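Q: What follows is a protein structure lacking sequence information:
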């Protein structure tokens, strides 16, 4: 499988600390980006090999991994890529230095990178820099969903944070219902209930009130539709903020977004490497 992915990465230690990208401590953000890059290569990249004990050699293996083109978009010197020089020297990613309208518009520059070279890839995708895929079947699940239901639907993962110390929830789904009017114009499939069989379990998909996942992944047909259409480059940043707009608004205008319902939430997840939302558990009442 050929993958073309762009990551928007920004860090400013003097930014006031409201987000992880503005924290005075860079270690968490640097570790998150490293995890995101390593996970992509470990799960989906190539080459792979097998230890041949009899011959005491490494035999090549074709196991579904493939070419992975990963571009990290940065704004000037506001980044932590110096911490990742070892990965860069090994060809794990390339860097695009951009001049976004503001730092919060950096994600839109990722769209430009993808639009330039989307041909020939099985999936073109965008991620915020603190999102980690931990499922080797992630893209196989996306492919199966669209083969079953068509490319006018875009399946988005459920973003989760996970417990590090097992003192609280094991998984925390962080994109619950939020501001329905912001998505109402584009949600045309709220009455649709899609189901498929996965390993003997019926998995249900619905259109969520909160369509945001901090990322998107388009197959070949969807890439053709999106990058030959008007929405990837219209500059509309009206969905909450430019950050959320870059990840969600363009694809929300172009496709009907679906997610696994939460009782099947583990079917497709992407992990938020920070623990910003987990920190709210001490102050939010349990239902």
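A: That came in fine, so what should we check first? As the structure is a prediction and not an experimental result, all values here were calculated from the model. Numbering: from 1, shown residues only.
Q: Can you tell me the strand partners of the longest strand anywhere in the chain and which way each runs?
A: Assignment by DSSP state E gives strand 68-75 as the longest strand of the chain. When pairs are called by DSSP bridges, strand 68-75 turns out to pair with strand 3-8 (parallel), strand 94-98 (parallel).
Q: what is the mean pLDDT for it?
A: Strand 68-75 carries an average pLDDT of 98.
Q: now for the strands paired with strand 68-75, which one comes closest to residue 255?
A: Proximity to residue 255 (Cβ to Cβ) singles out strand 3-8 among the strands paired with strand 68-75, at 18.1 Å. Every C-beta, even on glycine, is put in place using the N, C-alpha and C of the backbone.
Q: and the closest one, how far from the chain's centre?
A: Centroid separation between strand 3-8 and its chain, computed with Cα atoms, centre = their mean, to the nearest Å, is 9 Å.
Q: ok, then the element right after it?
A: helix 27-44 (DSSP states H and E).
Q: tell me what that following helix is packed against?
A: In this structure, helix 27-44 packs against strand 3-8, strand 68-75, helix 85-89, strand 131-132, with contacts taken as 3 or more Cβ pairs under 8 Å, 6 or more residues apart in numbering; DSSP states H and E.
Q: Can you name every helix or strand that the next helix or strand after that helix contacts?
A: Tracing the chain C-terminally past helix 27-44 and defining elements by DSSP H and E, one meets strand 48-52 next. Counting contacts by 3+ Cβ pairs under 8 Å, 6+ apart, strand 48-52 is packed against strand 57-61.
Q: ok, and what's touching the strand it packs on?
A: 47, 48, 49, 50, 51, 52 (Cβ atoms under 8 Å, 6 or more residues apart in numbering).
Q: Now the last one. Nearest residue, chain neighbours left out?
A: In this case it means residue 52. Closest residue in space to residue 52, ignoring its immediate chain neighbours: residue 59 at 4.9 Å, by Cβ to Cβ, 6 or more residues apart in numbering.
Q: what is the one you found paired to in the beta sheet?
A: residue 50.
Q: Look at it and report its pLDDT.
A: Looking at residue 59, its pLDDT reads 98.
Q: cool, and the one 5 residues further on?
A: Looking at residue 64, its pLDDT stands at 95.
Q: How many residues are close by the residue nearest to it when sequence neighbours are not counted?
A: Spatial nearest neighbour of residue 64, excluding adjacent residues (Cβ to Cβ, 6+ apart): residue 1 at 6.5 Å. Using other Cβ atoms under 10 Å, residue 1 is surrounded by 15 other residues.
Q: For the stretch 51-200 of the chain, just list every one of the strands.
A: For the stretch 51-200 of the chain, applying DSSP state E, counting those that start in this stretch gives strands covering 57-61, 68-75, 94-98, 123-128, 131-132, 153-155, 158-162, 171-173, 194-198.
Q: Pull the residues that contact the second one.
A: If I follow you right, that is strand 68-75. For strand 68-75, contacts defined as Cβ under 8 Å, 6+ apart pick out 3-10, 33, 37, 40-41, 44-46, 79, 81, 92-100, 103, 106-107, 109-110, 113, 117, 121, 129.
Q: rewinding a little: what confidence value was assigned to the residue nearest to residue 64?
A: 94.
Q: Check residue 126 too.
A: In this model, residue 126 carries a pLDDT of 98.
Q: cool, residue 19 as well?
A: So residue 19 comes in at 55 (pLDDT).
Q: Noted, bye for now.
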